[in-house]
Structure formats: C-alpha cells, structure tokens
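from the sequence below, what's the structure:
(chains A and B)
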Number of protein chains: 2
Amino acid sequence: MKEFKYEIKKHIATVSKSNDGQIALEVNLISYNDAPAKVDVRTWNKETGKMYKGITLTHEEAENLGQILLGM
Amino acid sequence: MKEFKYEIKKHIATVSKSNDGQIALEVNLISYNDAPAKVDVRTWNKETGKMYKGITLTHEEAENLGQILLGM
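Sure thing, here's the model as predicted:
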C-alpha cells in the first residue's frame, strides 16, 4: 500500500472545539504526499494528533465555499 | 449495527464539479438518523448518489468557517 504522508504547512484557524478541548475542527494548509498544499478542513484529536474525516479544497473552492456559507 | 439514515432537507449549493460532472462538492442541509438538520459539506457521486467523506457543521460553525475561508 502506498505510504500516506501529510505535512501541515500552516495552521489557519480553529473553527470550533469540543467542550473538553480534545476534538477540534480546524482549517489548515496541508501538503499530502509532497503535493502542493491545499486548504484542509477537518476535525482532529488534539491529544493523539489523529486526523478524522474532512475535506480538501483548492483556494478557488475555499473562496466559493466561504461565500456560500456566509450567504446562508 | 445501527442503521444509518440521512435525508437531504435542502440543497444549498454546489461548490465545484469534476470535469466530467460526476463528482460534486456540495453544501446541503442534511438530517442524520432523524436528528435536526446540520450544514453538510461533502463530495457526492452524482451518478450513483454515493456520499464521500465530508464534514457536518452547526450553523454557528458554518458561519465561523465562512469568515475564516474568506479571510484567507
């Protein structure tokens, strides 16, 4: 199986945290398998560092999504 | 295993589509297992209807995420 690598290039912001602070929904710039960094929105376990399900966006998608969410 | 149910209450918008139109990144209001609808951002296979990985957000998280994405 191909090795899965990722590198958090830049932490953008924390969208929300669970009451105990253990689970955080974050926006980061992440490079997967040495590819150019993409906008990454997902939850993380802040104690174990485990990443959960999320989405990766191009900058164009990120801008489009931002407008859609604020237009709701 | 507990049955997994979801209902798309309202399609909000399509963020982007693959060139062949088969894969779409969408924002929907979805009720999971009869719970109150949440803002759902994920990719879908438009031919098979299969849902892929994504995130579910409260309205507060959706607003917060929108501001973060537009502020990048």
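
pull out the buried positions in the worst-scoring helix or strand of chain A on mean pLDDT.
Within chain A, confidence by mean pLDDT, DSSP states H and E is lowest for strand A:51-57 among all helices and strands, at a mean of 94. Under the neighbour-count criterion of 16 or more other CB atoms under 10 Å in any protein chain shown, strand A:51-57 has A:51, A:54, A:55, A:56, A:57 buried. Where C-beta positions appear, they are placed from N, C-alpha and C, glycine not excepted.

likewise stretch A:43-53?
Neighbour count says stretch A:43-53 has A:43, A:44, A:46, A:51 buried, by 16+ other CB under 10 Å.

start to end distance for that stretch?
Terminal residues of stretch A:43-53 are spaced 7 Å apart (CA to CA, to the nearest Å).

quick one: contacts of stretch A:10-22?
Surrounding stretch A:10-22, the residues in contact under the criterion CB atoms under 8 Å, 6 or more residues apart in numbering or on different chains are A:23-29, A:37, A:39, A:41, A:45-47, B:57-58, B:60-61, B:64-65, B:68, B:72.

model confidence over that stretch, on average?
Stretch A:10-22 shows a mean pLDDT of 96 in the predicted model.

next: stretch A:27-46.
96.

report the buried residues of that stretch.
A:27-30, A:37-44, A:46.
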